[in-house]
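Asks: Sequence and computational prediction follow.
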Amino acid sequence: MCGIVGYVGPRPAQEVLVHGLRRLEYRGYDSAGLAVAHNGSVAISKAEGKLDRLLARLEEAPLPGRAGIGHTRWATHGAPSDRNAHPHSDNTGDFVVVHNGIVENFRALRSELEGAGVGFRSETDTEVLAHLLALEYEGDLKEAVRRAVRRASGAYALVAMTSREPGRIVAARMISPLVVGLGEGETFLASDMPAVLDYTREFLIIEDGEIAEVTRDGARIETLEGRPVERRSFTAEWDNESVQKAGFAHFMLKEIHEQPEVIARTLGGRIHGGKALADLSWAEGDPADVQKIWITACGTAYHAGLVGRTMFERLAAVPTEVAYAHELRYSNPLIGDRSLTLAVSQSGETADTLAAAKLARRRGSRLLALTNVVGSSLAREADEVLYTWAGPEISVASTKAYLAMLVGECLLALRLGRSRGVTGPDQERKLVEELHSLSDKAARVLADQDPFRLLAGELAGASSVYYIGRGLDYASAMEGALKLKEISYIHAEAMPAGELKHGTLALVDEGTPVVAVATQQNLYGKLLLSLQEVKARGAMVIAVAYEGDEEIDLVADRVLRVPRTADLLSPILAAVPLQLLAYHTARLLGRDIDQPRNLAKSVTVE
Ligand code: F6R
């Protein structure tokens, strides 16, 4: 996803901007560029591809100057190319912009501008903003930005400079995130804090519908209507130490290994006297009388929602529906005021999840956010927030955030179950004890990577891999399949095991890999039947099963073991071997594991 960095201060801007863009590489991008103000003009350098291509250009033609903006682009309108890369400028070259998100009415704006004789050099929606600024400018960049933003609808962040006002950067946030970093005699702007964490840990958040005027002395924030805003700065807890690879070959592997600690962190301080979330304060009193829970999310977070549904239904007896946020927001859902909506999102910035969450709120639902990012848009939108405390997740493929979401959901389900008189103290105590044991159990799965490396050799040549399971094991299968496809690029499909013979069994042939998750004891016998069916067609069966389960050896060619736990919690452990299987397969295939092709860490466009 696109990244933005801005700088005004005494240092060479090029250096700060390039450094910031490096820090944002993990978000995924396909081109990069800088604009730096110097001697009455603003010079631009940009290049398709990774940052090194831009650096090669900057080596030949450096951009001197002490104020500038930088951008990494992830293509939406127009293919990745030099000319579609940001920054974009108007026809005089005096106004330059970088932009994240989408200007929804850009086609109408573009034809209007073309009708007025403006020539376009790119296919991007961003370029209309540069031309609009030039047209609206009457001596004050902030006013021009305000007027341009009023005309451009959509969810985006815009950062602009003009050669006519050197030393000043103006930024507007229309949903897409933006923060200001405060230094001594220097000020930074960024779409994400890690971009500038090496320079400062003091931040101001720009909220939706606000404009910030940035100079080396700090930032002045006001609303789109011109009302000044007093915003208190805060100190970020994360430093860039914690976002380094710490000796692992990839961020993904590092994050997989952090999971035992993450489980403990998510639980940390949230259980008192055997009671989960005893101290969670709900904004409007305990929602014990809630009639329905809606869980909304995308991707891996959606899979966490599938597990959450079973937890809420079993522990709290609340009917629970899980909906992809991009479907929910357009489905006119029957969400009412006796409902609780749980929006699950690692980043807290996923555009669809935010939109679905807002819709639920408009319909009278209470909104609870389960997210990893403090101060994220989702966290700020919600009535209550449960942070996952998984720490920064850099790898595009989500791992530790998923486990933390499952732990968080279990805590919430226990809390609701207690309020509703559904889960008794003994059951709660047992589950809480089991939750506490999961850190060690996950560490046991991580202890020996050899089985995964060996199996990777068998999966790497496959054209399709099928993942099956029943009940909660089906949710784990979905997450396992997503992990494999996104980082290895091998086609992977998950289905409930019972669905196989309704069509997909036709594809199972000699040597077809079938990964089966076999932890749910009430459905175990049924799963074995499905495994016998695929085995009879020659499938190569890889099973994820409990330690001590001997029956599985009769049908599976390979078994990946996880320690026994409560079936309700088994997805927390089953995820680990599935992540490692995907990781080692992708590694054997030489894939770009932390930044898989076509994907971005945080999907802030619809
Ligand atoms: C998969 C993955 C994505 C995200 C999805 C939602 O590994 O990372 O599927 O889970 O884009 O992102 P968040 O959780 O940030 O809302």
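Replies: Yes, it's here.
Asks: can we go C-alpha only for contacts and neighbour counts from here?
Replies: Fine.
Asks: Put the alpha carbons of whichever helix or strand residue 414 is part of into PDB.
Replies: According to DSSP states H and E, residue 414 maps onto helix 400-419. Taking Å, rounded to 0.1, in the frame of the first residue of the first chain, the C-alpha atoms of helix 400-419 are listed here in PDB:
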ATOM      1  CA  LYS A 400       1.200 -13.300  15.100                       C
ATOM      2  CA  ALA A 401      -1.700 -10.800  14.800                       C
ATOM      3  CA  TYR A 402      -4.000 -13.700  13.900                       C
ATOM      4  CA  LEU A 403      -3.000 -15.700  17.100                       C
ATOM      5  CA  ALA A 404      -3.500 -12.600  19.200                       C
ATOM      6  CA  MET A 405      -6.900 -12.000  17.700                       C
ATOM      7  CA  LEU A 406      -8.000 -15.600  18.600                       C
ATOM      8  CA  VAL A 407      -6.800 -15.100  22.200                       C
ATOM      9  CA  GLY A 408      -8.600 -11.700  22.400                       C
ATOM     10  CA  GLU A 409     -11.800 -13.200  21.100                       C
ATOM     11  CA  CYS A 410     -11.700 -16.000  23.700                       C
ATOM     12  CA  LEU A 411     -11.200 -13.400  26.400                       C
ATOM     13  CA  LEU A 412     -14.200 -11.500  25.200                       C
ATOM     14  CA  ALA A 413     -16.400 -14.600  24.800                       C
ATOM     15  CA  LEU A 414     -15.500 -15.600  28.400                       C
ATOM     16  CA  ARG A 415     -16.400 -12.200  29.600                       C
ATOM     17  CA  LEU A 416     -19.700 -12.100  27.800                       C
ATOM     18  CA  GLY A 417     -20.400 -15.700  28.800                       C
ATOM     19  CA  ARG A 418     -19.900 -14.800  32.500                       C
ATOM     20  CA  SER A 419     -22.200 -11.800  32.300                       C
END
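Asks: ok now that helix, how far from the chain's centre?
Replies: Offset of helix 400-419 from its chain centre (C-alpha atoms, centre = their mean, to the nearest Å): 19 Å.
Asks: what does stretch 469-489 give?
Replies: Counting by C-alpha atoms, centre = their mean, stretch 469-489 comes out at 18 Å from the chain centroid.
Asks: tell me the mean pLDDT for it?
Replies: Mean per-residue pLDDT for stretch 469-489: 98.
Asks: can you check stretch 288-300 too?
Replies: 95.
Asks: Give me the contact list for the lowest-mean-pLDDT helix or strand in the chain.
Replies: Lowest on mean pLDDT, DSSP states H and E among the helices and strands of the chain sits strand 271-272, with a mean of 86. The contact list for strand 271-272 (C-alpha atoms under 8 Å, 6 or more residues apart in numbering) reads 277, 278, 432.
Asks: Quick check: the last one is in a helix.
Replies: The reference is to residue 432. Yes. Under DSSP: H, G, I helix; E, B strand; the rest coil, residue 432 falls within a helix.
Asks: quick one on the thing from earlier: and the contacts of strand 271-272, which is closest to the ligand?
Replies: Nearest to the ligand out of the contacts of strand 271-272 is residue 277 (C-alpha to the nearest ligand atom; 22.2 Å).
Asks: Run through the residues that contact the closest one.
Replies: Residue 277 touches 270, 271, 411, 412, 415, counting by C-alpha under 8 Å, 6+ apart.
Asks: Okay, buried residues for stretch 134-144 please.
Replies: Within stretch 134-144, the residues scored as buried using 16 or more other C-alpha atoms under 10 Å are 134, 136, 137, 141, 142, 143, 144.
Asks: do stretch 377-394 as well
Replies: Quick answer for stretch 377-394 (16+ other C-alpha under 10 Å): 377-379, 381-394.
Asks: What's the first helix or strand after the one helix or strand residue 475 maps to?
Replies: Using DSSP H and E, residue 475 maps to helix 472-488. Downstream of helix 472-488, the first helix or strand assigned by DSSP H and E is strand 491-496.
Asks: So which residues on this protein come close to the ligand?
Replies: Residues of the chain that fall close to the ligand, judged by C-alpha under 6 Å from any ligand atom: 298-301, 345-348, 350, 396-398, 483, 602-603.
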